[in-house]
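> model this:
(2 chains)
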Amino acid sequence: MNRDRRKFLKLLGFGTVALGMQPGRAFASIDDIKINRPDSYGVLCDVTRCVGCRSCEEACNTVNRLPAPDKPFDDYAVFEEKRRPTSKAFTVVNQYQTSKGTLFRKIQCNHCLEPACATACLVHAYQKMPEGSVIWDEKLCIGCRYCMHACPFYVPAFEYESPVPRIRKCTLCYDRIHTGQLPGCVEACPMEALIFGKRSDLIRIARERIRKSPERYLDHVYGELEAGGTSWMYLSSVPFHEIGLNTSVGTYPMVEYTRGFLSSVPLVLVIWPALLSSFYAFTKRNSEIKKHNNGEHKEEVKNSVHAKGVE
Amino acid sequence: MNEIKEWVSENIFLGLEVKEYLRRLITPFNIVAAGILIIGIPLIIIRYMQGLGAVIHGSNDQPFSLFLGWGLFCGVPLAATGYIMASAVYLFGMKDYKPLLRPAVLTGFVGYFFAVMFLLVDLGRPWRLPYPMVRSFGTASILFLIAWHVALYLTVQFVEFSPAVFEWINTRKLRKWAEGIAVGATIFGVILSTLHQSALGALYLLAPTKLHPLWYSPNIPIYFFISSIYAGLSMIIIESTLVYKFLPGRVDPQNFKVIDRLTLGLGKAASFVMITYFFLKIIGVAHGADWHLLFTRPYGYQFLIEVFGFVLLPCFMYVFGVRTGDAKLIRMASFASVAGVILNRLTISMFALNWELPHREFIAPKEFLVILTIITIEILIYRWVVNRLPVHREHPEFTGEED
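Next up, the predicted model:
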């Protein structure tokens, strides 16, 4: 028994060290990000200004050196279906028939303040940069695709056709904004439907537009709070679900939904060994008593059970 | 030298001349298996040369296809056999279940091993499988926990099964060491299993808007854990049913006398677990206020079929089987229960996920073949081990010894 226990403790010690790494820097709180990074950048997309010219798609294709599209960028037949970003197109514009006529909306990574993809990644291949971009590191990714599961906006795309596949998505033109350039799509937009700036400024601008033209805008900035807040935000004249935005996403960052489970992990690690060892001890005691009751040396046993208590 | 030769002949070739051994390999089952491997293995090679898309029907709409839905999300609960039986025998002192202990541990070990094999095909960059252990730690990720636990538990299960291996190669010393840590390994194994079985469900906590509300629940980790218990119990019944039927020569004759009684006992345990699970599922619907979704097409009906047809019904089959002492009914119930767990895991990892996206496809013939290939290899290896190692019988040299 003693030997068992020592070995067991050794085993358990090793396990606990391995598993105890779990909590770590899991939860940078959302307030932290909002308060400590007021200078992070974002984009405000004013859906009422978008005319569906697809210039942003073309610019994105150029600056990211993506393969030529199946249909040229001036082919508006693409609007017949609802597209999503792919590994070959980080942004797409869709057309929606809404209660206020035809509207267009650009889709790309929304660059969440507390990204679900980064929470999901088991090798930390995703990072939310101080500039606002959510970027992905090719050197670490193992290709498990859990980020694609996690993203509430269905954004990360995977190169299913490559033996050395990458996850592909918008980076908010991380390399360009670093050198003072605008993201490709923002620079290309002829309608100024896209504004690049500090996120806090963008929210002020959005509120100002709503205040000045309440008949033109819905009194809501999508992305200010959605999914815990995103760096890419939308202004619209119609309810956001009419232009294909996920309105059930709530205002908590996705990591909040896993917090409870992750906090229960150390509890199981501490309580289970005690609980299971007690089961083992009870069982052993019972079988010993039984053995002795059936057995030869009844007297002797009685003494030893009494003397030793429960073993 | 001669000694080794003798051992190989006895323990690898089952005491037959090599020619005779090879001749006996030609059986209908083996011919079918060979046919599957001849088609399937090239497909796996193509996957590594041309990317996942060449054989697997994954897409940006369906990031985990049937391949991982089966290989990981079904494979892990069905391999829960090991921790169930080890805790019954070692922690709860149910020594009379010992004839089923090694089969259960072997089923668990092989199941986990092949879950990793499935991952090695399905990961975009499988050569980076050890990254979460050695390179970069995404500690906030539930998948990180699963990676660590599966790796550790695979090791634990090997240790738990190792007495059989040590008996096979006839080393008393190592066997003694392995039996010395059996209780510790069992406790560690139960901890790991509790956490990663439930963590597989917890993966979906991160996608509250993407998984259909009938399956999404804050309790989903508990559902996954509890269903893994009855999945494990049922798999032990299925395993013994198949081995006792198809490989009776490898089973200790004494075991045939007790197997019906043990099967009834397992069925009784499963019925308790399943009725608990059933009520937890109902509570989940109440908690999410999802009653109105129950009679919607197709998800509502699918949920009802799953919960009533594949949980409550097999549960009642278990109950009646136990009441009437009908081991046959228990065996039927075990197949139905496992089918229910498979249905549940595939629903959650595929059908009910991203349910709001239009036009999704699930099955691709090539992918199905690759899955069949890996299952075939799994069965062949399992059979190879049962044919040689003391799994369903005691090793003559070690008869009656404790472990």
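> quick check: which element contains B:F13?
Assessed by DSSP states H and E, B:F13 sits outside every helix and strand.
> the closest residue to it other than its chain neighbours: neighbouring residues, count only.
Distances taken as Cβ to Cβ, 6 or more residues apart in numbering or on different chains put B:Y21 closest to B:F13, at 4.6 Å, once the chain neighbours are dropped. Every residue, glycine included, has its C-beta placed from N, CA and C. Applying other Cβ atoms under 10 Å in any protein chain shown, we find 14 residues neighbouring B:Y21.
> ok, B:Y21 to chain A distance?
Look at B:Y21 and chain A: by Cβ to the nearest Cβ, to the nearest Å, they are 39 Å apart.
> with B:L206 instead?
Taking Cβ to the nearest Cβ, one finds B:L206 at 5 Å from chain A.
> and that residue, what is it in contact with?
If you count contacts by Cβ atoms under 8 Å, 6 or more residues apart in numbering or on different chains, B:L206 has them with A:A116, A:T119, A:A120, A:H149, A:A150, A:M254, A:V255, A:Y257, A:T258, B:I142.
> phi and psi next, for A:D219.
Torsion angles at A:D219 (phi, psi; degrees, to the nearest 10) stand at phi -80, psi 60.
> name all residues that make contact with it.
Applying Cβ under 8 Å, 6+ apart to A:D219 gives the contacts A:I210.
> over to the one 4 residues further on?
Contact criterion Cβ under 8 Å, 6+ apart gives A:N110, A:G229, A:T230, A:S231, A:W232, A:M233, A:Y234 as the residues in contact with A:G223.
> excluding chain neighbours, give the residue nearest to it in space.
Spatial nearest neighbour of A:G223, chain neighbours left out: A:M233 (3.4 Å); criterion: Cβ to Cβ, 6+ apart.
> what mean pLDDT does the helix or strand that neighbour falls within have?
Element membership of A:M233, judged by DSSP H and E, is strand A:232-235. Averaging pLDDT along strand A:232-235 yields 96.
> identify the residues contacting that strand?
Strand A:232-235 has contacts (Cβ under 8 Å, 6+ apart) with A:42-48, A:105, A:108-111, A:172, A:199, A:202-203, A:206, A:209-210, A:217-218, A:221-224, A:240, A:243, A:245.
> check stretch B:302-311 too.
In contact with stretch B:302-311 (Cβ under 8 Å, 6+ apart) are residues B:214-215, B:274, B:277-278, B:281-282, B:293-294, B:336-337, B:339-340, B:343-344, B:347, B:351-352.
> low pLDDT regions in the chain?
Using chain A. A:1-38, A:295-311 (pLDDT under 70).
> switch to chain B, that's the one I care about
Scanning chain B for pLDDT under 70 picks out B:399-403.
> skipping adjacent residues, who's closest to the residue in the stretch 101-250 of chain B positioned nearest to chain A in space?
Of all residues in the stretch 101-250 of chain B, B:G124 sits closest to chain A, at 1.8 Å by Cβ to the nearest Cβ. The shortest distance from B:G124 to any non-neighbouring residue, by Cβ to Cβ, 6+ apart, is to A:G143 (1.8 Å).
> just checking, that neighbour touches B:L129?
No: using Cβ atoms under 8 Å, A:G143 makes no contact with B:L129, being 10.1 Å away.
> the two: who's more crowded?
The neighbour comparison of A:G143 against B:L129 (other Cβ under 10 Å) goes to A:G143, with 19 against 16.
> now do the SS call for the more buried one.
Put simply, A:G143 is coil when judged by DSSP: H, G, I helix; E, B strand; the rest coil.
> what is the longest helix seen in chain A packed up against?
With secondary structure taken from DSSP state H, chain A has its longest helix at helix A:256-294. In this structure, helix A:256-294 packs against helix A:2-20, helix A:298-308, helix B:142-168, helix B:182-202, with contacts taken as 3 or more Cβ pairs under 8 Å, 6 or more residues apart in numbering or on different chains; DSSP states H and E.
> repeat the analysis, applying 6 Å as the threshold.
Contacts defined by 3 or more Cβ pairs under 6 Å, 6 or more residues apart in numbering or on different chains; DSSP states H and E place helix A:256-294 against helix B:182-202.
> using CSV, write out every CA atom in the helix it packs on.
The C-alpha trace of helix B:182-202 is given here as CSV (Å, rounded to 0.1, in the frame of the first residue of the first chain):
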residue,chain,number,x,y,z
ALA,B,182,-2.1,-0.2,-11.1
VAL,B,183,-4.2,1.6,-8.5
GLY,B,184,-2.3,4.9,-8.9
ALA,B,185,-2.6,4.6,-12.7
THR,B,186,-6.3,3.9,-12.4
ILE,B,187,-6.9,7.0,-10.3
PHE,B,188,-4.9,9.2,-12.6
GLY,B,189,-6.7,7.6,-15.6
VAL,B,190,-10.1,8.5,-14.1
ILE,B,191,-9.0,12.1,-13.5
LEU,B,192,-7.8,12.4,-17.1
SER,B,193,-10.8,10.8,-18.5
THR,B,194,-13.3,12.9,-16.5
LEU,B,195,-11.6,16.0,-17.8
HIS,B,196,-11.0,15.2,-21.5
GLN,B,197,-14.2,13.3,-22.1
SER,B,198,-16.0,16.4,-20.8
ALA,B,199,-13.6,18.7,-22.6
LEU,B,200,-14.6,17.3,-26.0
GLY,B,201,-18.0,18.7,-25.2
ALA,B,202,-16.6,21.9,-23.8
